[in-house]
Structures are given as structure tokens and as C-alpha cells.
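Novice: have a look at this prediction, sequence included:
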Amino acid sequence: MKPRHKRFVLVAAGVAALGGAAALILNAFQSNLVFFYTPTQVAAAEAPQGRQFRIGGLVQAGSVQRLADGVTVHRFHADLPRLLAQSDAVVGMAGYNTVCEILQSRTPAVLLPRTFPRREQLIRAERLERLGLCETLARPTAAGLLAAVERALARGRLCESLPPLDGRERLCAVAAQLVAERAGRAADRPIREAAGSDR
């Protein structure tokens, strides 16, 4: 056998060995991987049968507390829309996405907006409170929060019409309008200057 043929046989044997090792490794990974499924997926029978899986994905240890009076506190939940829909009331901050999810669920809410370093959450929460869509506590105390939650439970689910929740689309439209107006003013400027120089 020529040296060139020997090299070809060695290379072919090496490639075959690497391919076999890769197949064994991938098979071991697939049989030992544990996938995460949300509680909604488990309830809908979308989780595998007869195989291990984990519920909740990124749920952190200690993120759920069951209090003595039957209240359950969730600090994180993988399926927030479903949890909100099942809740009697919600206490949350006033970030844009949080507020949109709370409003869409129509669950009575008490908002505790962040007030530092920016006031954006406070402005949003106070506006929603004026519309009758929530209660806002900018400087909550334990007694104040308890009273606010009791009032939220007494109010029940929202019946009021919701404000538009299409902020991204509206922002793009406003930005496009401002750019068009500015471009129009810039185009008018040389004409006015030329007209003024004739006098």
C-alpha cells in the first residue's frame, strides 16, 4: 500500500472514531437533559410522560411564601398572566410591562412605584390611580399597604375601560411625526431667509 493510501485510511479511521464519539456524547446528553416546563404546560399535558422534568424554569428558592392566613406571596413566577388572572389582588411596582400585564388581567392592584432615581413609575401609577384603575402608595408602610390591599379586594375586578396599551406603536408614530415636522421646518428656513433678504 502506498504511503498516500495509508494516510487516507488513517484519516478516514480518525474521522469515523470522532463521529462515533460525538454520537455517543450527544446520546448521553439527550438522555440526561432535564427540561423546564411552566405550570401551564404541565396542566395542558405538554410535559413528557415517564421522564423527569422541572417545573417553573427560573423559579428561585424561597420565591414563594405561604403565610399563616392563607395568603401566598410570589416573588417570581414563570407564567405571570395566568397567575394574575387567578389572583384576588396584586401588589407590584409600576414598570410599563408590569402595569400592562396587571391591567390586562383586570385584577385589582396596589402599585408601589419606584421614585428614585427616576419618577417615571410614579407618574404612571398616579395617572392610573386618577383613572380609577389602581391605588398607588409612593411611600408605603405596613399598615398603609394592608389597608390598600383590603380596599383593592373590596373594589373587585376592573370594569372600567382600559387606556390604550399600544405604547410602542404610538411612540413610533409620534417620533415619525416629530421628525417630519422638524424636516418640514428645516426645509422652510432657507425660503424664509431668502424672502427676508429681498426687502
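Specialist: Right, received. Where do you want to start?
Novice: quick one: contacts of stretch 83-96?
Specialist: Contacts to stretch 83-96, defined as Cβ atoms under 8 Å, 6 or more residues apart in numbering, come from residues 74, 77, 98, 101-102, 105, 107-114, 121-122, 124-125, 128, 136, 145, 149, 152-153, 167. (C-beta placed from N, C-alpha, C; glycine too.)
Novice: first-to-last residue distance for it?
Specialist: This stretch, stretch 83-96, spans 18 Å end to end (Cα to Cα, to the nearest Å).
Novice: how far does it sit from the chain's center?
Specialist: Distance, stretch centre to chain centre, for stretch 83-96: 13 Å (Cα atoms, centre = their mean, to the nearest Å).
Novice: rewinding a little: now, the contacts of stretch 83-96 that are in helices?
Specialist: Cross-referencing the contacts of stretch 83-96 against helices under DSSP state H gives 98, 101-102, 105, 121-122, 124-125, 128, 145, 149, 152-153, 167.
Novice: so which of those residues wins on neighbours?
Specialist: Neighbour counts for the ones in helices among the contacts of stretch 83-96, by other Cβ atoms under 10 Å, peak at A125, which reaches 27 neighbours.
Novice: can you name the residues that contact that one?
Specialist: A94, V99, L111, P113, C134, T136, A138.
Novice: ok, back up a step: among the ones in helices among the contacts of stretch 83-96, find the lowest-pLDDT one for me.
Specialist: Note: of those, the lowest pLDDT belongs to G167, at 80.
Novice: mind listing what it touches?
Specialist: Y96, C100.
Novice: for R66, give me phi and psi.
Specialist: As for R66, its main-chain torsions (degrees, to the nearest 10) stand at phi -110, psi 120.
Novice: does it touch T72 like I think?
Specialist: Yes: using Cβ atoms under 8 Å, R66 is in contact with T72, at 5.3 Å.
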